[in-house]
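Visitor: model this:
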Amino acid sequence: MPKKVRIALDAMGGDFGPSVVIPGAAVALTRHPDSEFLLFGDRALIAPELEKHPALKAASRVIHTDVAVSMHDKPSQALRRGRKTSSMWLAIDAVKKGEADVAISAGNTGALAAMARFCLRMLPGIDRPALAAIWPTARGDSVVLDLGATIGGDAHHLVALAVMGSALASVVFGLERPTVGLLNIGVEEIKGREEIREAAELLRAMNLPQLEYIGFVEGDGIGRGAADVIVAEGFSGNIALKAAEGTARQITEFLRNAISSSWRARIGYLFAKNAFKALRDKLDPSKSNGSVVLGLNGIVVKSHGGTDAEGFAYAVDVGYEMARYDLMNKIKQMLNRDGSAPAQAQTSQEAVS
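Guide: Below is the predicted model:
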């Protein structure tokens, strides 16, 4: 790993483009001064934002392109229109060429997964990418994947997710043998789709040294932190993510309304202000922003498209940590620890979001 962590940013990605990406990168630079940035996008839009952040400007290089992937493009459309020319592709390609250690985009999830897969290629034995995120729970944090890179998957795909998720957990949590659960509609062995039941049988039979399989986990088990790693196929994982984010915002709104409902409540809030702030921070989805696209021959991080600058900075933090602590080598070691990579899964469908 070079002394500097080199971060490639799709400056045009997301709902707000450079107006969020640039100030977000500036915030992240204050936390990680050993970073340098490659900014891909329209120079005419990037330059005015960079002028507001002299430290970031000094640590950055702008590579101009006037092609950007739309948030509404299908993956096939994005590949046809933006291959080798778009800001998203060029950021990923910088990782492939060894010019950057990680690429980060807030752009179209399906396009990002397709471009990253096409440009970087998959690791041996891995057929498709997966989105993995650090999920705050009642007992700390868990890794949850796949959060929507692709839809569906057979039992071997779920086993591959378990192995890659365990590698990520070992990096970010410092665990030698993370616990792994499969997201299901019940904990009984007879419940769930055939693919999930078959994956459970495989994980028990393989008894992999890099993870401890604990069985099925229901939806409420994610928030309880029932396992260090919780595995789901992309469709159900994405629904779980969006439901959790919506619930967090709903609870925050309930608290805001309750606090302002009477003068007694407002006085009570003054006494419990620090506790409410801690709760609000815990429920803030932006502070869990940044999903790692696993399974690739390189590190790619997906930020929420609608996040603000602070939220994007958290995505940059994730990318920095994954590069600095050598996630790629850890995944490769875990995939090969039992002597062979998991069998390849069936052909993937388009990303959920």
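Visitor: buried set for stretch 232-245?
Guide: Buried positions in stretch 232-245, judged by neighbour count with 16 or more other CB atoms under 10 Å: 232-238, 240-241, 244-245. Every residue, glycine included, has its C-beta placed from N, CA and C.
Visitor: show me where the stretch 101-250 of the chain has its helices.
Guide: Along the stretch 101-250 of the chain, counting by DSSP state H, counting those that start in this stretch, helices occupy 109-120, 155-173, 194-206, 219-224, 234-259.
Visitor: redo those helices as TSV? Include mean pLDDT and distance to Asp10.
Guide: Formatted as TSV, the helices of the stretch 101-250 of the chain follow (pLDDT from 0 to 100; distance: least, CB to CB, whole Å):
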stretch	mean pLDDT	distance to Asp10
helix 109-120	93	8
helix 155-173	91	22
helix 194-206	93	33
helix 219-224	90	29
helix 234-259	82	21
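Visitor: can you list the ones you listed in a markdown table and add distance to Val316?
Guide: Converted to a markdown table, the helices of the stretch 101-250 of the chain look like this (distance: least, CB to CB, whole Å):
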| stretch | distance to Val316 |
| --- | --- |
| helix 109-120 | 16 |
| helix 155-173 | 15 |
| helix 194-206 | 33 |
| helix 219-224 | 25 |
| helix 234-259 | 20 |
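Visitor: which residue would you name as the spatial centre of this protein?
Guide: Central residue of the chain (CA atoms, centre = their mean): Ser291, 0.5 Å from the mean position.
Visitor: in the protein, where is pLDDT below threshold?
Guide: Counting by pLDDT under 70, the chain contains low-confidence ranges at 1-2, 269-287, 337-353.
Visitor: Leu131 is in contact with the residue nearest to the centre of the chain, correct?
Guide: Yes: between Ser291 and Leu131 there is a contact under CB atoms under 8 Å: 4.3 Å.
Visitor: joint contacts of those two?
Guide: Counting by CB atoms under 8 Å, 6 or more residues apart in numbering, the residues touching both Ser291 and Leu131 are 147, 302.
Visitor: follow-up on the earlier one: nearest to Arg324, of the helices of the stretch 101-250 of the chain?
Guide: Ranking the helices of the stretch 101-250 of the chain by proximity to Arg324 (CB to CB) places helix 155-173 first, at 9.9 Å.
Visitor: noted, bye for now.
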